[in-house]
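Peer 1: Sequence first, then the predicted structure:
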Amino acid sequence: MKYGESTFDILYLLFAIVSGAVILAKSRNRTEKLTGFAALILGCGDAFHLVPRVLNYFIDADFTAALGIGKLVTSVTMTFFYVLLYYVWLGYYGETEKRGLTASVWLLAAIRVALCAFPQNGWAENSGNLTWGIIRNVPFVILGALICFLYFRSRNESRRFRPVWIYILLSFAFYVPVTVGAGAVPMLGMLMLPKTVCYILMIITFLFAVLKDRPDVNSANKK
């Protein structure tokens, strides 16, 4: 299992980071740049957790602190990934920004990051505190549900971005059981693999939107 999972993790990180760099290099407007930054923050943030995880399989050393701190970094970067998805939605669909909605997105993100900073999470010990795992993920799940709803509402306005809401929904469907039950049932941790596939599909959507759909780019993106 360690070889298969490690290979998958490494290929995912390379794909996310290289894709983000390609998107940034090819982007010609703010919204396309945001998709590039989203892919980069996804790959770079996950690297803090996945690289120590891979090394832990092959090197006889104590990676407890590295794995825990890596989870902290990933938790924060994943939060900002969804904030970027909100701004991608605004730009791609030419939506008028509403202060209340934007404030809600940032408030949920700020609460999530603040909760991640509490020492009770036990990041350095990689303790996997169940109670705090649930507490810090409540605002994150609400944020994800909000972004999912926005993409669902606009699903018929773009063939390319139509399935994004499904990728978001499934990613949380795979993520929540891991957060709640992986401590008691370690095999639930395997659900992180299909969750990662959902993120890969999102990045592919970003890539195709930039590289293949250029003639059809929404005029709102040219602001």
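Peer 2: That came in fine, so what should we check first? Fair warning: this is a prediction, and the values are worked out from it, not measured in the lab.
Peer 1: so which helix or strand takes in the residue positioned nearest the centre of the chain?
Peer 2: Relative to the mean C-alpha position of the chain, the nearest C-alpha, by Cα atoms, centre = their mean, is the one of M78, at 4.2 Å. Using DSSP states H and E, M78 maps to helix 64-92.
Peer 1: for that helix, packing partners?
Peer 2: Contact here means 3 or more Cβ pairs under 8 Å, 6 or more residues apart in numbering; DSSP states H and E; on that basis helix 64-92 packs against helix 30-58, helix 99-116, helix 130-153. Just so you know, the C-beta spots here come from the backbone N, C-alpha and C atoms, and that holds for glycine as well.
Peer 1: Mind checking the ones you listed for the one nearest to F206?
Peer 2: helix 30-58 (3.8 Å; Cβ to Cβ).
Peer 1: what comes up buried for that closest one?
Peer 2: Taking 16 or more other Cβ atoms under 10 Å as the basis for neighbour counts, the residues of helix 30-58 that come out buried are 31-54, 56.
Peer 1: cool, stretch 5-17 as well?
Peer 2: By 16+ other Cβ under 10 Å, the buried positions in stretch 5-17 come out as 5-6, 9, 12-13, 15-17.
Peer 1: pLDDT-wise, which helix or strand of the protein ranks last?
Peer 2: For the chain, counting by mean pLDDT, DSSP states H and E, helix 164-181 ranks last in confidence among helices and strands (a mean of 91).
Peer 1: Tell me the helix or strand right after that helix.
Peer 2: The first helix or strand that comes after helix 164-181 along the chain, using DSSP H and E, is helix 192-211.
Peer 1: can you name the farthest residue from the center of the chain?
Peer 2: Summary for the chain: using Cα atoms, centre = their mean, the residue whose C-alpha lies farthest from the chain's mean C-alpha position is D60, with a distance of 30.0 Å.
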